[in-house]
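[1] how does the following fold in three dimensions:
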Amino acid sequence: MTANVSKEGFDQATLMGLINEIKEKPEVGKTVWKAQTQWLGGFRSQARIGDHTVSMDEPQVLGGTGTAPNMVEMVLGSYGCCLSTGYVAQAALRGIELEDVQIELEGDLDLRSFLGLADPDQSWPGYTNVRAKVTLKAPKATPEQLQALHDAVVKTSPVGSILCRPINVTTELAKE
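    Predicted coordinates for the structure are as follows:
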């Protein structure tokens with residue numbers, strides 16, 4: 001079965017169907033997403049996400065083999081891809097014709113607590129700042145349309161929300 005893929009590269013009819021279903025039954029919008037990871041040796045690991053396997057490693061400067069992106073780089077990539085998805089979907093729903101979306105990301109990370117050189121309360125082990133520079137190519141859109149699109153996408157990005165808002169995380173040790 002072939003999806004009804006629009007020129008934007010996604011199945012807009014399916015997305016609209018889901019939007020309408022969630023409007024009628026808000027509980028449909030409450031979902032659970034899953035991943036499973038496995039250590040492969042050294043600092044190499046892989047994540048199994050749905051039908052996909054994503055490899056991760058540390059760069060050589062941290063003692064890894066550099067054969068795959070590391071986990072904090074994956075977070076930046078996830079945020080950028082989430083924003084891209086938002087721009088494409090929101091632009092299509094608003095009638096804005098996008099020709100290109102480019103996003104450059106960087107994040108500030110202090111390695112001291114990760115390496116056991118500082119207490120995490122004094123040297124936060126995660127990103128302290130993340131910067132994303134978005135370039136949208138939409139020649140027929142006005143600057144006001146692009147700003148409204150940008151504001152909506154940033155405000156509703158699931159990965160952006162994960163990065164900037166506190167969430168509950170429970171990590172338990174399984175007993176064998």
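
[2] CA atoms of the longest helix along the chain as PDB?
    Longest helix in the chain, counting residues (DSSP state H): helix 71-94. What follows is helix 71-94, C-alpha atoms only, in PDB (Å, rounded to 0.1, in the frame of the first residue of the first chain):
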ATOM      1  CA  MET A  71      24.400  10.400  22.600                       C
ATOM      2  CA  VAL A  72      24.500  14.200  23.100                       C
ATOM      3  CA  GLU A  73      25.000  14.700  19.400                       C
ATOM      4  CA  MET A  74      21.900  12.600  18.800                       C
ATOM      5  CA  VAL A  75      19.900  14.900  21.100                       C
ATOM      6  CA  LEU A  76      21.000  17.900  18.900                       C
ATOM      7  CA  GLY A  77      20.100  15.900  15.800                       C
ATOM      8  CA  SER A  78      16.800  14.900  17.200                       C
ATOM      9  CA  TYR A  79      15.900  18.500  18.000                       C
ATOM     10  CA  GLY A  80      16.900  19.700  14.500                       C
ATOM     11  CA  CYS A  81      14.900  16.900  12.800                       C
ATOM     12  CA  CYS A  82      11.900  17.600  15.100                       C
ATOM     13  CA  LEU A  83      12.000  21.300  14.100                       C
ATOM     14  CA  SER A  84      12.300  20.300  10.400                       C
ATOM     15  CA  THR A  85       9.200  18.100  10.700                       C
ATOM     16  CA  GLY A  86       7.400  20.900  12.400                       C
ATOM     17  CA  TYR A  87       8.300  23.400   9.700                       C
ATOM     18  CA  VAL A  88       7.200  21.100   6.900                       C
ATOM     19  CA  ALA A  89       3.900  20.100   8.500                       C
ATOM     20  CA  GLN A  90       3.000  23.600   9.800                       C
ATOM     21  CA  ALA A  91       3.900  25.200   6.500                       C
ATOM     22  CA  ALA A  92       1.700  22.800   4.600                       C
ATOM     23  CA  LEU A  93      -1.200  23.300   6.900                       C
ATOM     24  CA  ARG A  94      -0.800  27.100   6.500                       C
END
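
[3] give the next helix or strand downstream of that helix.
    Using DSSP states H and E, the helix or strand that directly follows helix 71-94 along the chain is strand 100-109.

[4] name the helices or strands packed onto that next one?
    helix 71-94, strand 127-137 (3 or more CB pairs under 8 Å, 6 or more residues apart in numbering; DSSP states H and E). All C-beta atoms are positioned from the backbone trio N, CA, C, and that covers glycine.

[5] ok, which of those comes nearest residue 101?
    Nearest of the helices and strands packed on strand 100-109 to residue 101, taken as CB to CB: helix 71-94 at 5.0 Å.
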